[in-house]
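Engineer: fold the following and give me the result.
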Amino acid sequence: MILPTKGPQLESAATEIESLGRQVCVVPADVSVDEQVKEMVDCAVTKLGGLNVMVANAGVVTFASLISSSVESWDRTLAVNARGPYLCYKYAATQMIDQGLGGRIIGASSVAGKMAFPYHCSYTASKFAVRGLTQVAALELGKYGITVNAYAPGVIQTPMAQDVLDESGKVDVTVIDDPVSIKWINSLLENVPIKHVGQPEDIASIVSYLASKEAHFITGQCISIDGGISMS
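Structural biologist: Numbering: from 1, shown residues only. Predicted coordinates:
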């Protein structure tokens with residue numbers, strides 16, 4: 001899913017990649033729409049000559065309790081966060097199998113895909129779904145030399161985190177209006193072993209590794225990058 005406001009960032013990223021002497025293919029798409037995901041893969045293959053790595057990273061979040069949440073917000077969150085990876089995995093796997101060269105499929109789960117958070121019912125459900133999807137895909141695609149893994153970020157300095165946390169790093173009371181839930185989440189965040197907030201580069205580094213040839217023997221995993229919130 002590419003939001004209209006991401007146009008300048010896409011152009012900037014494309015320019016930077018081209019400056020390194022590499023090809024770029026920018027295809028805006030809604031990952032919840034079957035035909036658009038297939039077209040996204042087909043366009044990339046046509047422009048770049050093949051598909052070796054798929055990263056299903058699109059995600060949205062709605063903050064609401066189970067009781068106050070709406071069917072519409074549930075459907076939208078699951079459409080982007082769960083159907084999106086499913087479609088990306090499906091069409092990437094189809095192309096990679098046809099090529100016969102193996103590949104890497106990587107999906108975005110979350111710390112909320114490993115443990116529940118109040119006021120995150122649809123988001124948590126969708127991120128647990130990514131873990132299950134990843135394991136099934138890993139079982140089915142391993143024979144083709146395709147690894148399938150997911151990553152599970154914690155609090156990362158992105159607009160999504162800023163939507164729920166105030167400037168002090170605590171839950172914004174205007175977003176979650178429940179003192180018990182706020183206390184629980186703040187206590188969890190205060191006791192994270194690594195105290196600083198994660199950066200986008202921290203996520204990029206693990207995704208880059210999972211896409212590399214060195215990660216050929218890792219599959220079906222959901223790797224935490226959360227400063228120690230969830231330990232297993």
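Engineer: C-alpha from now on. contacts and neighbour counts both.
Structural biologist: OK.
Engineer: residue 140: neighbour count?
Structural biologist: Residue 140: 13 surrounding residues under other C-alpha atoms under 10 Å.
Engineer: so where does it fall, helix or strand?
Structural biologist: helix 121-141 (DSSP states H and E).
Engineer: report the buried residues of that helix.
Structural biologist: Neighbour counts over helix 121-141 (16 or more other C-alpha atoms under 10 Å) mark 121-131, 133-135, 137-138, 141 as buried.
Engineer: mind listing residues that contact it?
Structural biologist: Residues outside helix 121-141 that contact it (C-alpha atoms under 8 Å, 6 or more residues apart in numbering): 60-62, 64-66, 73-74, 77-78, 81-82, 85-86, 89, 93, 107-110, 112-117, 146-150, 219-222.
Engineer: do stretch 15-30 as well
Structural biologist: 1-2, 10, 14, 36-37, 40, 43-44, 47-48.
Engineer: straight-line length of it, end to end?
Structural biologist: One end of stretch 15-30 to the other measures 23 Å (C-alpha to C-alpha, to the nearest Å).
Engineer: pull the longest strand from the chain.
Structural biologist: Counting residues, the longest strand found in the chain (DSSP state E) is strand 146-153.
Engineer: adding distance to residue 215 and neighbour count, write the contacts of stretch 15-30 out as a markdown table.
Structural biologist: Shown next, in a markdown table, are these (distance: C-alpha to C-alpha, whole Å; neighbours: other C-alpha atoms under 10 Å):
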| residue | distance to residue 215 | neighbour count |
| --- | --- | --- |
| 1 | 27 | 19 |
| 2 | 28 | 13 |
| 10 | 28 | 15 |
| 14 | 26 | 16 |
| 36 | 29 | 17 |
| 37 | 26 | 25 |
| 40 | 25 | 20 |
| 43 | 27 | 16 |
| 44 | 23 | 16 |
| 47 | 26 | 12 |
| 48 | 23 | 13 |
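Engineer: in helices, which of those fall?
Structural biologist: Those of these mapping onto helices are 10, 14, 36-37, 40, 43-44, 47-48, per DSSP state H.
Engineer: between those residues, which is nearest residue 177?
Structural biologist: Nearest to residue 177 among the ones in helices among the contacts of stretch 15-30, counting by C-alpha to C-alpha, is residue 10 at 35.6 Å.
Engineer: give me the distance between that closest one and residue 60.
Structural biologist: In this view, residue 10 and residue 60 are 18 Å apart by C-alpha to C-alpha.
Engineer: mind giving me the PyMOL command for buried ones among the contacts of helix 121-141?
Structural biologist: To isolate the buried subset of the contacts of helix 121-141 in PyMOL, counting by 16+ other C-alpha under 10 Å, use the following:
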select buried, resi 61+62+64+65+73+74+77+78+81+82+85+86+89+93+107+108+109+110+112+113+114+146+147+148+149+150+219+220+221+222
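Engineer: gap between the nearest residue to residue 91 once chain neighbours are set aside and residue 84?
Structural biologist: In space, and not counting its chain neighbours, residue 91 is closest to residue 38: 6.1 Å by C-alpha to C-alpha, 6 or more residues apart in numbering. Using C-alpha to C-alpha, residue 38 is found at 11 Å from residue 84.
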